[in-house]
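Visitor: what follows is a protein structure lacking sequence information:
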């Protein structure tokens with residue numbers, strides 16, 4: 001089956017559309033508009049709304065992976081499949097731990113639902129996994145994606161699109177973090193790798 005007869009391009013297009021929508025909703029401009037339009041209601045519910053929209057808008061891309069014509073590229077043989085599944089499981093656990101290190105309730109948008117007597121200024125997380133890479137949640141997500149023991153053209157399209165989105169999304173996210181934390185984040189970025197705990201020495 002030629003590439004054109006699979007769902008490769010449709011899946012890739014769907015993931016890119018998801019990335020555009022997700023990035024727009026995460027932008028400071030859209031958040032500011034929502035705050036002006038809906039006031040405290042937006043500040044309280046926006047994060048929860050953002051997460052719900054992220055889940056809902058991802059469903060069409062996942063459905064296309066399953067429903068469109070496809071062709072198998074490879075199946076990881078035994079015993080290597082045990083290794084890939086083991087690393088995926090470890091990455092999934094680390095992903096949950098990484099969310100906890102940023103504050104699970106805040107990440108999910110639950111803590112924002114309740115009023116606080118005094119709002120403390122946001123703090124840059126530099127401990128835990130964030131000590132080694134700036135975007136550990138993306139790192140673990142990439143490990144889960146690319147260690148799939150069963151690979152098809154549609155899954156490959158999803159993985160390529162998701163990798164592109166995570167890369168561009170991390171750049172956009174860092175611009176917002178620089179606006180929020182200034183020199184503190186710039187210094188953190190200079191000493192901490194983006195996705196992989198590997199330091200490249202500059203000559």
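Guide: Sure thing, it's come through. On a predicted model such as this, the values are computed, not experimentally measured, just so you know.

Visitor: what's around residue 127, how many residues?
Guide: Per other CB atoms under 10 Å, the neighbour tally for residue 127 reads 8. Quick note: C-beta positions are derived from backbone N, CA and C, even for glycine.

Visitor: from residue 180, how far off is it?
Guide: In this view, residue 127 and residue 180 are 18 Å apart by CB to CB, to the nearest Å.

Visitor: next one: residue 77
Guide: Residue 77 is 47 Å from residue 180, by CB to CB.

Visitor: those two: which has the busier surroundings?
Guide: Comparing residue 77 with residue 180 by neighbour count (other CB under 10 Å), the higher total belongs to residue 180, at 13 against 8.

Visitor: nearest residue to the more buried one other than its sequence neighbours?
Guide: Of all residues not flanking residue 180 in the chain, residue 122 sits nearest, at 6.5 Å (CB to CB, 6 or more residues apart in numbering).

Visitor: could I get the full set of strands for this protein?
Guide: 72-75, 150-152 (DSSP state E).

Visitor: columns mean pLDDT on top of the ones you listed, output as TSV?
Guide: Output for those, formatted as TSV (pLDDT from 0 to 100):
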stretch	mean pLDDT
strand 72-75	94
strand 150-152	95
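
Visitor: of all the ones you listed, which one is nearest residue 104?
Guide: Smallest distance to residue 104 across the strands of the chain (CB to CB): 30.7 Å, for strand 150-152.

Visitor: output the contacting helices and strands for that closest one.
Guide: Helices and strands touching strand 150-152, by 3 or more CB pairs under 8 Å, 6 or more residues apart in numbering; DSSP states H and E, are strand 72-75.

Visitor: off-centre distance for the strand it packs on?
Guide: 25 Å (CA atoms, centre = their mean, to the nearest Å).
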